[in-house]
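Chemist: Sharing a sequence plus its predicted fold:
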Amino acid sequence: MLLTITATRPAGADWPATDLGYLLHKNPERVQAFDVTYGKAHVFYPAAGPQECTAALLLEVDPVALVRGKGRNTPDFALSQYVNDRPYAASSLLASALGHVFRTALRGRCDQRPELAATPLPLRIEIPALICREPELAAVLFEPLGWTVAAEPVALDPAFPAWGSSRYLSLTLTGTLRLADALSHVFVLLATLDGAKHYWVGNDEVDKLVRVGGGWLGTHPLRGMIARRYLARRQPLVREALARLAEVDDVEPEALDNAVGFEEEAEAAPGLSGEANGEYVTSATGEPALSATDEAAPFPNSETSVSATNEAALPSGDEPSGDATPSAHDRKQSLAAARRAAVVASLHEVEAARVLDLGCGEGALLRDLLKDRAFTEVVGVDVSARALQMAVRKLRLDRMPERLRDRLTLRQGALTYTDAGLAGYDAAVLMEVIEHVDPHQLSALEHAVFRAAHPRAVVVTTPNVEFNVRYDTLEAGRFRHSDHRFEWTRAQFQAWAGRVAAVHGYDVRFKPVGEVDPELGPSTQLALFTVAKNGTGTGSNTEFNAEPITKLNTEPTTKLNTEPTTKPKTEPTTETEKEAATDV
């Protein structure tokens, strides 16, 4: 298997491209060989000139040695132990050889050219044969790190085009990065794409992952999937790695695993649906499979803070939500995408132009709203500063056209406190938010949204707990996400919504979202509140069958101060909730 690294001398640079040899600690004038566990690695330079220099790493794998050290992922039937693609297609074997041969370069150390080691260089990395069935997966892994990705499927046989593509890619990465960063990206993500390590994965692999990926993995949008696949889906190791990456990045471990989703990348890649068991999955037809991980994930900064992402969640390592998928129910549209579409359709129904996305997370719904010219002003609110920073990155505000950027405002604030700046809008959206609020804090949220802000319409979505039995690996009595404080039946949701509508002068209607089971109802339930014409709520109706309304299983509602004020009588319990709503 082969990997090449090409450095190009920038215009005006006072160093020749052959200085790549200093950075790699390998002389361009010599061919060098290194013994590795399963064969021999060779380093040579196919081209070495002042303008462009290419270093090649060629790994020769001994299939007999590979069988003698057979790992858990090696095929068991006799012939395949000797005749397989492991010696030829880039995999964790090549990543291991790269880490061994370029160990010093991987650490970013170069005593002869220290300033060059710290300088981003124009680089091109080529891997002619890489194990990866999904070209889009390679793109969504490398592009967030600054690479331009060209991933071409390798034909099974060029002489027979009708046979289609193989499971291999020809991968080319181009970008301007420090060499040490480039090597660390390839080292970690080669093993991630392979998904079948050739050696036993233990605690030392956690050390290696944190050491090599600590500078960038904590902010990667697919870090949960990367950790799972790199660590062979061993959940205790994954939890430890995410916790340690959180220490490096100075955030909570749950934020790394749950707060930042990856659905936009998955949807941008045809055939990719999301993560189940830590990896991308598709149905037999290549369509995305419905997964409980499509549920929104929180940004929990405190027990009473209100925040949720509007993207698919990366589940925490010890929760069943990451593996909960309805059996034999592949869908053409993910639940998260269906939910956003239902919300947008409801906003069109009430002819909203100025919209609040309350608990906007990293901006999946904001993206959809900005794409629609009917929405002339969009405001995203979240309690988590990190979530809003991710929204800025994922929405690419720095490259967004000015006319589009002028329509968007991001604000930091807790939804349990009133904000005069949120009053007077056409509609507000609480998409997968209320279930992250402690029951005794719901009254504060109701006051802030329905009384103080009082938009013409409010769209609320929340999981239907009755549907949870359709998720085969979700234990009975467990919620879809570890941060959910409750999950309601259809009857409970309708009772809550009916009470809120009557108290605050709204009418309310209910709609199903996602798959609808004749007995269990929809996976997600949606309530559309509209201001009653006579100023008094007149009741509700539903577009799906529900059991009779029953008493809510929540704590007594707290009496609120209804005089003009900036906060209700409920006192803040954390410093996070004391933050004033602030423009980001």
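Modeler: Done, it's in.

Chemist: just for the stretch 451-584 of the chain, where's the confidence low?
Modeler: Of all residues in the stretch 451-584 of the chain, those with pLDDT under 70 make up the ranges 535-584.

Chemist: swap in the stretch 251-400 of the chain?
Modeler: Scanning the stretch 251-400 of the chain with the threshold set as pLDDT under 70 gives 251-333.

Chemist: What ranges does the stretch 51-200 of the chain have for its strands?
Modeler: For the stretch 51-200 of the chain, applying DSSP state E, counting those that start in this stretch gives strands covering 52-61, 121-131, 148-155, 165-177.

Chemist: got TSV for these, with mean pLDDT, mean neighbour count and distance to residue 434 too?
Modeler: (Glycine included, C-beta is placed from N, CA and C.) Written out in TSV, the entries for the strands of the stretch 51-200 of the chain read as follows (pLDDT from 0 to 100; neighbours: other C-beta atoms under 10 Å; distance: least, C-beta to C-beta, whole Å):
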stretch	mean pLDDT	mean neighbour count	distance to residue 434
strand 52-61	93	20	53
strand 121-131	93	20	43
strand 148-155	91	16	39
strand 165-177	91	19	42
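
Chemist: I'd like those as CSV, with distance to residue 415 appended.
Modeler: Listed next are those as CSV, based on distance: least, C-beta to C-beta, whole Å:
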stretch, distance to residue 415
strand 52-61, 52
strand 121-131, 45
strand 148-155, 38
strand 165-177, 39
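
Chemist: right, so of the ones you listed, which gets closest to residue 493?
Modeler: Each of the strands of the stretch 51-200 of the chain was scored for nearness to residue 493 using C-beta to C-beta, and the closest is strand 148-155 (43.1 Å).

Chemist: Return the distance of that closest one from the chain's centre.
Modeler: Using C-alpha atoms, centre = their mean, to the nearest Å, the mean C-alpha position of strand 148-155 is found 23 Å from that of the whole chain.

Chemist: going forward can the numbers begin at 5, since that is how I track them
Modeler: Yep, numbering from 5; the last one is strand 152-159 now.

Chemist: can I have it written out in CSV, keeping just the CAs?
Modeler: Below are the C-alpha coordinates for strand 152-159, written out as CSV (Å, rounded to 0.1, in the frame of the first residue of the first chain):
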residue,chain,number,x,y,z
THR,A,152,-10.1,19.9,-0.2
VAL,A,153,-11.1,16.3,-0.8
ALA,A,154,-11.1,14.4,-4.1
ALA,A,155,-12.4,10.9,-3.6
GLU,A,156,-12.9,8.7,-6.7
PRO,A,157,-14.3,5.2,-6.4
VAL,A,158,-12.1,2.6,-7.9
ALA,A,159,-13.8,0.4,-10.6
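
Chemist: Tell me which strands that strand pairs with, and in which orientation.
Modeler: Based on DSSP bridges, the strands next to strand 152-159 in the sheet, each with its direction, are strand 169-181 (antiparallel).

Chemist: chain center to the strand it pairs with: distance?
Modeler: Counting by C-alpha atoms, centre = their mean, strand 169-181 comes out at 22 Å from the chain centroid.

Chemist: Touching it from outside, list them.
Modeler: In this structure, residues lying in contact with strand 169-181 by C-beta atoms under 8 Å, 6 or more residues apart in numbering are 89, 93-94, 124-137, 139, 142, 146, 149-160, 186, 189-190.

Chemist: so how far is residue 40 from the residue lying closest to residue 6 once chain neighbours are set aside?
Modeler: The shortest distance from residue 6 to any non-neighbouring residue, by C-beta to C-beta, 6 or more residues apart in numbering, is to residue 62 (5.4 Å). Plainly put, residue 62 is 12 Å away from residue 40 if you go by C-beta to C-beta, to the nearest Å.

Chemist: Pull the contacting residues for the closest residue to residue 146 other than its chain neighbours.
Modeler: Computed as C-beta to C-beta, 6+ apart, the closest residue to residue 146 that is not its neighbour in sequence is residue 153, at 5.0 Å. With contacts taken as C-beta under 8 Å, 6+ apart, residue 153 has the following neighbours: 142, 143, 146, 147, 175, 176, 177.
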